[in-house]
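1. let me see the structure of the following:
(3 chains)
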Amino acid sequence: MLLAPLARVSREVAETSARSRKISLLAGLFRTAGPLDVPVVIPYLAGRLPQGRIGIGWNALKDPPPPAGRATLTVHHVDEAFSALAAVSGPGSQAERRRLTQELLGAATGEEQRFLVGLISGEVRQGALDAVAVEALAETSGAAAGAVRRAVMLAGSLQHVAERLLAEGPRVLEEFLLTVGRPVLPMLAQSAADVAEAIGRLGACAVEEKLDGIRVQVHRDGGTVRIFTRTLDDITDRLPEVVDIAATLEGDGFVLDGEVIALDDEGRPRSFQETASRVGSRTDVATAAAAVPVSPVFFDILSLDGEDLLDLTFAERHEALAGLVPEPMRVRRIVVPGPGEGGGGGEEADPRVGEAEAFLSDTLARGHEGVVVKALDTPYSAGRRGAGWVKVKPVHTLDLVVLAAEWGHGRRTGKLSNLHLGARREDGSFVMLGKTFKGLTDTMLEWQTGRLRELALHDDGFTVTVRPELVVEIAYDGLQRSSRYPAGVTLRFARVVRFREDKRAADADTVDTVLAAHSQG
DNA sequence: TTCCGACAGTGGGGTCGCAAT
DNA sequence: ATTGCGACCCCACTATCGGAA
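-> Okay, the predicted model is just below:
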């Protein structure tokens, strides 16, 4: 199969906004793919390389050679080229990868070049990733979309499911079961502004502490333990103390969902940066583990002694969890009844909310991030941001001054998007605390582009520096240590709430106020 | 008909580890 | 030794489509 029709379909998919049309375009191409092409074509059209990241970035893609006049590349040839690229290592590898990349691009037509560059850089931007590919796969094979999706979640791999589904038909989906040792895409949480809103969305629920660590899925199959991250990377070798703990639990085979976090001697959490640094260390794990040990804290169980628990309610799963994992290794929690239960239930303030708020305050006082409110009656929605889990974290706000803005990409091309945020110094100068592009509606984006152009001092084609006059209200989750910014700190997860045209730069928050507000953190 | 769940897109900062300088 | 770069952790938020209500 040639690459050309694939590149063409990708462009056509990008050009339509209708999801149904995207699906039928993809399905049309899947139908024409031969059995040997399937394992490559499916991930390509989902915007991913089967090889994963192959060590090529923006730099190796710069200045592509002139495009070929005729489309001669086959899908198979391209796949082999990527495998060869991924295998290059050692001194000189960067130059060699660049050479191979340029060679491949030189053999591609213009349309093929654009597709390949998008694929390598992870920016296909055709508005269709795994979820749309799953729908198209269902259409091509005649299987139910839900069944395909579930198989992909359990296999942790679209490619693997696609291959077998197209070769063997819909019946094969029944064979994709949760398997101990093979990671499942983890369930994610939605968010709410406060516990009242979170509880309001759910019936009877548990309120659990939210730890600021690294999400882990721990599998034990007899004597073998494997640990996976949220994106299903195997990090078993980096967490020997967690492996030891998993090996000592009573069960013989299980899959646990939880978080690993570094705690100090008093049991208070260390900063996220310390936990991340520890878990990210691969070279001298023993030294890193001795310096910053981490603790696993579990909140869910997906499998126990050969039984798949995904479809049980959370209440049932938690019971199984409590039977396997002793208290200190489980997340702290309280259970609140549904709105109709437990007496009271009047026109006054919901007593359930009060209880949950008290638990949240206590959790924050212990140094943790917030809480996750979880409906007791819902199954484990692998790979989805299920409505059954709702997180609540405190939000801080500041009034900061826009110092500069960067030109946006993709759908934000031609708009000033990413704002450089400054806090005031007493002497009238400003200190940059970070950037943000979040929280802006299209209308705000449009407005700020015009306003910042009026304030522009200089445009280097990438960043526009402006007179420091526009004040924005910024929400953020807290401060973190920074070596990049002059104050030594930066805002975590900053986002725009609104423009404050009623304020002048002299009314903005000062660096000292910002630092003081977090001094005991 | 309106509402809302799920997706995709647009990027933020930090850290590690490897290769290049 | 330091710097640059890619991968992978953490993540918020808006726009849009299309099925549910």
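
2. which helix or which strand is home to the nearest residue in space to A:Gly461 that is not next to it in sequence?
-> Distance criterion C-beta to C-beta, 6 or more residues apart in numbering; nearest residue to A:Gly461, sequence neighbours excluded, is A:Trp407 at 7.6 Å. Where C-beta positions appear, they are placed from N, C-alpha and C, glycine not excepted. Element membership of A:Trp407 [criterion: DSSP states H and E] is strand A:396-407.

3. tell me the pLDDT at the residue nearest to A:Gly461?
-> For A:Trp407, the pLDDT comes out at 91.

4. just A:Glu348 next, same as before
-> 53.

5. give me the nearest residue to whatever residue of the stretch 51-200 of chain A ends up closest to DNA strand C, chain neighbours excluded.
-> When you check the stretch 51-200 of chain A against DNA strand C by C-beta to the nearest atom of the strand, the closest residue turns out to be A:Gly57, at 2.1 Å. Nearest residue to A:Gly57, sequence neighbours excluded (C-beta to C-beta, 6+ apart): A:Ser121, at 7.0 Å.

6. for that neighbour, give me its contacts.
-> Going by C-beta atoms under 8 Å, 6 or more residues apart in numbering, A:Ser121 touches A:57-58, A:61.

7. let's see if you can find the most crowded of these.
-> A:Leu61 (18 neighbours; other C-beta atoms under 10 Å).

8. now A:Glu208: how far from DNA strand C?
-> 13 Å (C-beta to the nearest atom of the strand, to the nearest Å).

9. in a helix, that residue, correct?
-> No. Read with DSSP: H, G, I helix; E, B strand; the rest coil, A:Glu208 is strand and lies in no helix.

10. which SS state does A:Ala382 fall under?
-> Classified using three-state DSSP, A:Ala382 is coil.

11. ok, A:Leu154 next?
-> helix.

12. okay but it is in contact with A:Glu175, surely?
-> No. If you go by C-beta atoms under 8 Å, A:Leu154 and A:Glu175 don't touch, sitting 10.0 Å apart.

13. looking at those two, which is more packed in?
-> More neighbours surround A:Leu154 than the other of A:Leu154 and A:Glu175, with 23 against 10 (other C-beta under 10 Å).

14. might you report the residue contacts of that one?
-> By C-beta under 8 Å, 6+ apart, the neighbours of A:Leu154 are A:176-179, A:184, A:382.

15. quick one: the helices in the stretch 401-521 of chain A?
-> Using DSSP state H, counting those that start in this stretch, the helices assigned to the stretch 401-521 of chain A run over residues A:442-454, A:511-517.

16. starting at the chain centroid, how far to the shortest one?
-> Read it as helix A:511-517. 30 Å (C-alpha atoms, centre = their mean, to the nearest Å).

17. I'd like the mean pLDDT over it, please.
-> Helix A:511-517 comes out at a mean pLDDT of 90.

18. show me what it is packed against.
-> Packing partners of helix A:511-517 (3 or more C-beta pairs under 8 Å, 6 or more residues apart in numbering; DSSP states H and E): strand A:416-424, strand A:430-436.

19. what does the helix or strand hosting A:Ala315 contact?
-> Assessed by DSSP H and E, A:Ala315 sits inside helix A:314-324. Residues outside helix A:314-324 that contact it (C-beta under 8 Å, 6+ apart): A:206, A:249-251, A:254, A:256, A:298-302, A:304, A:309, A:312, A:330, A:374-380, A:388.

20. keep only those of the residues you listed that are in strands.
-> If you go by DSSP state E, the contacts of helix A:314-324 have A:206, A:254, A:256, A:298-302, A:304, A:374-375, A:388 in strands.

21. any quick ChimeraX command for the buried ones out of the contacts of helix A:314-324?
-> Applying 16 or more other C-beta atoms under 10 Å to the contacts of helix A:314-324 leaves a buried subset, and the ChimeraX line that selects it is:
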select /A:206,249,251,254,256,298,299,300,301,302,304,309,312,330,374,375,376,378,379,380,388
